[in-house]
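*Asks:* Here's my sequence, what's the structure:
(chains A, B, C and D)
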There are 2 protein chains.
Amino acid sequence: MEPETLQLQGRLSDRGSWTATRCSIDAALGVVGTRSALLLMREAFYGTRRFDDFAHRVGITEAVAAARLKELVDAGLLSRAPYREPGQRTRYEYVLTEMGRDLAPAALALMQWGDSWLTGEAGPPLALTHAGCGAPVAVEVRCAEGHEVPLGETAVDVRRRVRPA
Amino acid sequence: MEPETLQLQGRLSDRGSWTATRCSIDAALGVVGTRSALLLMREAFYGTRRFDDFAHRVGITEAVAAARLKELVDAGLLSRAPYREPGQRTRYEYVLTEMGRDLAPAALALMQWGDSWLTGEAGPPLALTHAGCGAPVAVEVRCAEGHEVPLGETAVDVRRRVRPA
DNA sequence: CTTCTGACTATGGCCAACCAAAGTCACCCG
DNA sequence: CGGGTGACTTTGGTTGGCCATAGTCAGAAG
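*Replies:* Coordinates of the predicted model:
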């Protein structure tokens, strides 16, 4: 009985001859591969927008918050937008872009994994539900036909280059 | 028009009074929060089992591979099992545990995000399909009723402590 | 025109993660 | 019993992410 892993196909099946020179996981880690970056994104998902709130709620210094927020804005996950409260001067707030919002499944998957395996007796700290119907929310791996796909039934192949240049 | 964020409920709705002291994302990062740890897990999903293969395919030094693999075994994501090829002495291989396998959605979500936003013109390097039906595979956020749940329709609340001790 | 506040920047130091290169160790083979 | 090999360990050094403390800066408020 083999353990469950991805099924490598095509060029990949000779695994020895292949190393992942272009890997999207690695690329993603280049952008959100630090604790502070991902926790800042978590705060953004919670609706945080202002500099001081980011720094204090994540529990990092303002220096780190400034550096990391700048990186996230440069990378396109957040945008820096002017705003002003009445009788206050113009300030800037950090708002999720589509790119940033699209990271949510990854963050939630990580949270779900932590909930399942790392919380011990206390259980998950937070519960997610669908605001529409009240049912609990989960991250799932599915195919376009709607089947839930376990790791062992997932086939991987190198993609043909879309534009051969 | 508000931007899409999570809907905070219960104690959380007064966001100012709350900081995520117990956060499963943070906890998860404590285990797989480094580049090498997550890439080693990627290799394990690809079916890699042997020390040298891990080190070479991830592109890290043997020293780092040894340290990180030890951590992953200690944390319970991999298990170190003896094996022997005929006419060879006994060696050890690193095999995914259920805990490790369960991390796959998070890794795939990260890969999917990288595919969508970071690959530029070349497009995603790899394609995932369901081995059963051939349909493309994706990571999705869904509720138990089967609805796909966007960020803005996701409600978050603090869970009642399962065991009040 | 001074004070206060929110949003940063600057300085200095620590530690964890990484790399490169070399060494160890337990076999199995000839 | 000398070599080869896979699986590590050791050493030494660099970088990057983090912290704490202190400083800057723009613009209402008084």
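*Asks:* Residue A:31 sits in which helix or strand?
*Replies:* Using DSSP states H and E, the element containing residue A:31 is helix A:24-32.
*Asks:* ok, is stretch A:34-43 in contact with DNA strand C or not?
*Replies:* No: applying Cβ under 7 Å from any atom of the strand, one finds stretch A:34-43 separated from DNA strand C by no less than 9.6 Å. Placement of C-beta: from N, CA and C, glycine included.
*Asks:* Show me what the mean pLDDT comes to for that stretch.
*Replies:* Mean per-residue pLDDT for stretch A:34-43: 97.
*Asks:* In CSV, list the C-alpha atoms belonging to it.
*Replies:* Coordinates of each C-alpha in stretch A:34-43 appear next as CSV, following Å, rounded to 0.1, in the frame of the first residue of the first chain:
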residue,chain,number,x,y,z
THR,A,34,7.5,36.0,6.5
ARG,A,35,5.4,35.9,9.6
SER,A,36,4.8,39.6,9.6
ALA,A,37,3.6,39.7,6.0
LEU,A,38,1.1,37.0,6.5
LEU,A,39,-0.2,38.3,9.8
LEU,A,40,-0.6,41.8,8.3
MET,A,41,-2.7,40.2,5.5
ARG,A,42,-4.7,38.5,8.2
GLU,A,43,-5.4,41.9,9.8
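*Asks:* Next, the angle from the next helix or strand after the helix holding residue A:31 to helix A:24-32.
*Replies:* Downstream of helix A:24-32, the next assigned helix or strand under DSSP H and E is helix A:35-46. Angle of helix A:35-46 versus helix A:24-32, following axes from the mean of the first three to the mean of the last three Cα atoms, to 10 degrees, is 80 degrees.
*Asks:* helices or strands up against the helix holding residue A:31?
*Replies:* On a contact count with 3 or more Cβ pairs under 8 Å, 6 or more residues apart in numbering or on different chains; DSSP states H and E, helix A:24-32 meets helix A:35-46, helix A:62-75, helix B:35-46, helix B:104-117.
*Asks:* ok, and what's touching the first one?
*Replies:* Right, the one you point to is helix A:35-46. Under the criterion Cβ atoms under 8 Å, 6 or more residues apart in numbering or on different chains, residues A:31-32, A:53-54, A:57-58, A:60, A:64-65, A:68-69, A:71-72, A:77-78, A:94-96, A:100, A:103-104, A:107, A:110, B:5-6, B:8, B:15, B:20, B:23, B:25-26, B:29, B:33, B:151, B:156 lie in contact with helix A:35-46.
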